[in-house]
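Asker: Let me see the structure of the following:
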Amino acid sequence: MLSRRRFLHTTLLAGAGVLAAPLAGGRRLLGAARPPYSPQVLDLVARTTVVDMLGLLTLDWDELRHWQRDPVSFGYPDYYRLAASGVSVFHPAVDPNARDPEAAAVSYLAGWNTLLRRQAQFLVPVLAAGDFERARYEGRVGVLLGLQTSEHFRTIADVPRFHALGQRVSQLTYNGPSRLGSGCKVAVDQGLTGFGREVVEEMNRVGMAVDVSHCSERTTREAIALSRRPVLVTHANCKALAAHPRNKTDREIRELAESGGVMGITAVRSFVKARGRATLDDLLEHFLHVAALVGVEHVGIGSDCDLDPRDRTTGRVRDAYRIEGLAHRWRIYDIADGLLRRGFAEPDVELILGGNFRRVLGEIWAAA
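Answerer: Here you go, the predicted model:
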């Protein structure tokens, strides 16, 4: 039987003018200048609840603010573009980078909640494990709210307060030092602070996921050791393949996996390859490295970009996201196709596309 989600997926692609007739054993997505995807790839993505654990609906912050101030401005074309991407659930976390982190976080979550409430025919908040499948089967786009900072936690009481506002993931630090610990670009890595330890314990208690993507190595490892629940790296790559401060060492990846955690691989060029041009095959190597190191159950997707990361002035893909062979609008299909080509079985690709993050978030949220 053709599920509603799968029927809607095909209908949306056709309605958006992006699904073409079969071509030599595959189908070409019109207007994308892509090689044909095989029926195997299209069917695999269609039946999978795909989770991008750092997937932005837009990198145009003016557009996002417009949607949140005037939710009716988010219309069918916006919905079609997101739904046709193959992503079922987006996690559009940011660092507000404000003088008053608490006020900025309240405003950020309020804007999202207004948009989610007013455009419920298109969007659904992901607040519990069952909402992943709910989004897919109802044909809506899931939005999982989180922040790439925990500076808005002024006291421990703020953790349950922000959980009540819909926040389900919180990154402990951004790149620099904070009240909670050291970020990945600090001169001296001092690890978690006392307050940071208290926040981790309270996040465990209320069922909020601990994200260490931007944390220093010591902060990452101390958070993993302290947490009673699995810890996430929602968006980072492997330092063994690209020596960037934001990437994770094999030791961190092993300890993350031992905690039951999952690591989302990003499509940021400098995280994929430290120097020179980066290709889709370079990106795939990071998935393969984690899978070989700790098992396919501990790797997922955290793209760290939107579906069209172009410079609004030049119209060209921003250099930070230029990866040859990867079309960001269709990245789920490119990644699925690439993983199959590299020898992954279909069930393992389904885990990478979303099954692993759905499993681990269900475990974390069940803690509450």
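
Asker: Now for the protein, the helix or strand with the poorest mean pLDDT.
Answerer: strand 19-23 (a mean of 33; mean pLDDT, DSSP states H and E).

Asker: Just give the nearest non-adjacent residue to residue 225, would you?
Answerer: residue 255 (7.4 Å; C-beta to C-beta, 6 or more residues apart in numbering). (C-beta placed from N, C-alpha, C; glycine too.)

Asker: residues near that neighbour, how many?
Answerer: Residue 255 has 19 neighbours, counted by other C-beta atoms under 10 Å.

Asker: And for residue 80?
Answerer: Neighbour tally, residue 80, other C-beta under 10 Å: 18.

Asker: just to revisit the earlier point, what does the helix or strand where the residue nearest to residue 225 lies contact?
Answerer: Counting by DSSP states H and E, the element that carries residue 255 is helix 250-258. Outside helix 250-258, the residues that touch it by C-beta atoms under 8 Å, 6 or more residues apart in numbering are 212, 217, 220-221, 224-225, 231, 233, 238-240, 248, 262-263, 290, 293-295, 297-298.

Asker: Of those residues, which belong to strands?
Answerer: Judged by DSSP state E, the contacts of helix 250-258 include 233, 262-263 as members of strands.

Asker: Dump those residues to CSV, plus neighbour count, distance to residue 359 and pLDDT.
Answerer: Listed next are the ones in strands among the contacts of helix 250-258 as CSV, based on neighbours: other C-beta atoms under 10 Å; distance: C-beta to C-beta, whole Å; pLDDT from 0 to 100:
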residue, neighbour count, distance to residue 359, pLDDT
233, 31, 15, 98
262, 30, 8, 98
263, 32, 14, 98
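
Asker: right, and the helix or strand after the longest helix along the chain?
Answerer: Identified as the longest helix of the chain according to DSSP state H is helix 101-118. As assigned by DSSP H and E, the chain's next helix or strand after helix 101-118 is strand 123-125.

Asker: which helices and strands does that following strand pack with?
Answerer: helix 101-118, helix 130-137, strand 141-143 (3 or more C-beta pairs under 8 Å, 6 or more residues apart in numbering; DSSP states H and E).

Asker: Sitting in helices, which of the contacts of helix 250-258 do you find?
Answerer: Per DSSP H, the contacts of helix 250-258 map to helices at 217, 220-221, 224-225, 290, 293-294.
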